[in-house]
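>>> sequence plus predicted model, see below.
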Amino acid sequence: MAGLGHERLASQSDETRDELPRSLRDQHHELTRELIMRAVVKRLEENGFAELTVPEVARASGVSLRTVYRHFPTRDDLLVGASEWIAANYFAIGELPDKLDGVIEQLVANAKTWDEHPELVRTMALTRVGNAVRSVRRVRRLERLREALREVTANLSDAERRRAEGVFGHLNNMLAWVTMRDENGMSGEEVGEALRWAMETLIEDLRRRNEAAAKARTNKRGPGGSSAT
C-alpha cells in the first residue's frame, strides 16, 4: 500500500504540484527522484547499463515518462544522476589514507564490497557519464595517492615518480576490478589480494630505488654536505 501511495504521489499532475506549499513540493521532488533512481538501480542490476531505456525506467518507477524527462531530459542525464546517486548511496568511499599500507587495505576491502553490486560498479567504471561523475573525486584521490607515494618516491626522478603514480592510479581503480573479474573470472576477494600483491611488490622495488637514490645524493654531497668534486 505504501508503494502505491508513492506511485500516486509521483504521478500527480503539474497543476496539483504547483499548488503544493514549497516544502511539500520539495519533498515531492525528492521522493519522485528517489523512485526514479531506485528503478534505475534495479534495471542496471538486472540487465546492465547497455539495455537501460528511459521508458523502461518510467514503468519500473511508477511515474510517467513525462515526469522522468522533466527530471532527466536525456538518457545521459539519467545515467549521470544515477551515477551520482549510486556513488553516494552504494560506494561512499572515504578519503584515501595518507599511508601506503592504508591505501592497500582500503582497496582490498572495496574490492570485496564491489562484488555485492557488480553491474553498478561496471556502470561507474565503463560509462562515459560514470567516469565524469567520478572525475572530481578521482582527481582528489590521485592527489592523495601522490602524497602517500612520497614515502617511496621522494628521491626519485620526475619520470620515475610519474611511472609509479600512473601504475598505482591504474591499480587503485574500479576499472581494474571490472577487467580482472570479466577477463579472469576472479572474485572481489581474489582481485583484492592480487592488487595487494602487485602494489606491495612495486612498493618494495620503489623503496629500494628511493633509498639508493638518497644514498647516492648524500655521497655526492660529501661528508660536509657540499658537493664532492
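Structure received.
>>> just the CA atoms of stretch 37-52, as PDB, please.
The C-alpha coordinates for stretch 37-52 follow below in PDB (Å, rounded to 0.1, in the frame of the first residue of the first chain):
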ATOM      1  CA  MET A  37      16.900   6.300  -9.100                       C
ATOM      2  CA  ARG A  38      15.800   3.100  -7.400                       C
ATOM      3  CA  ALA A  39      14.200   2.000 -10.600                       C
ATOM      4  CA  VAL A  40      17.400   2.700 -12.500                       C
ATOM      5  CA  VAL A  41      19.500   0.700 -10.000                       C
ATOM      6  CA  LYS A  42      17.100  -2.200 -10.200                       C
ATOM      7  CA  ARG A  43      17.200  -2.200 -14.000                       C
ATOM      8  CA  LEU A  44      21.000  -1.900 -14.000                       C
ATOM      9  CA  GLU A  45      21.500  -4.800 -11.700                       C
ATOM     10  CA  GLU A  46      19.100  -6.900 -13.800                       C
ATOM     11  CA  ASN A  47      20.200  -6.000 -17.300                       C
ATOM     12  CA  GLY A  48      23.200  -3.800 -17.200                       C
ATOM     13  CA  PHE A  49      23.600  -0.200 -18.500                       C
ATOM     14  CA  ALA A  50      23.600  -1.100 -22.200                       C
ATOM     15  CA  GLU A  51      19.900  -2.200 -22.000                       C
ATOM     16  CA  LEU A  52      18.700   0.700 -19.900                       C
END
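>>> now do that stretch, average pLDDT.
Across stretch 37-52, pLDDT averages out at 88.
>>> which of the residues in the longest helix belonging to the chain are buried?
Scanning the chain for the longest helix, with DSSP state H as the assignment, gives helix 188-221. For helix 188-221, burial by neighbour count (16 or more other CB atoms under 10 Å) applies to 188, 190-192, 194-196, 198-199, 202-203, 206, 209-210, 213. Glycine gets a C-beta too; all of them are placed from N, C-alpha and C.
>>> ok now that helix, how far from the chain's centre?
Relative to the chain's own centre, helix 188-221 is displaced by 25 Å; criterion: CA atoms, centre = their mean, to the nearest Å.
>>> what mean pLDDT would you report for it?
In this model, helix 188-221 carries a mean pLDDT of 95.
>>> for that helix, which helices and strands make contact with it?
helix 100-114, helix 128-153, helix 158-171, helix 174-184 (3 or more CB pairs under 8 Å, 6 or more residues apart in numbering; DSSP states H and E).
>>> can you tell which of these is closest to residue 26?
Comparison of these against residue 26 by CB to CB identifies helix 128-153 as nearest, at 23.3 Å.
>>> remind me which helix or strand residue 63 belongs to.
Assigned by DSSP states H and E, residue 63 falls within no helix or strand.
>>> torsion angles phi and psi at it?
phi -110, psi 160 (degrees, to the nearest 10).
>>> quick check: angle from the longest helix of the chain to helix 100-114?
Calculated by axes from the mean of the first three to the mean of the last three CA atoms, to 10 degrees, helix 188-221 forms an angle of 160 degrees with helix 100-114.
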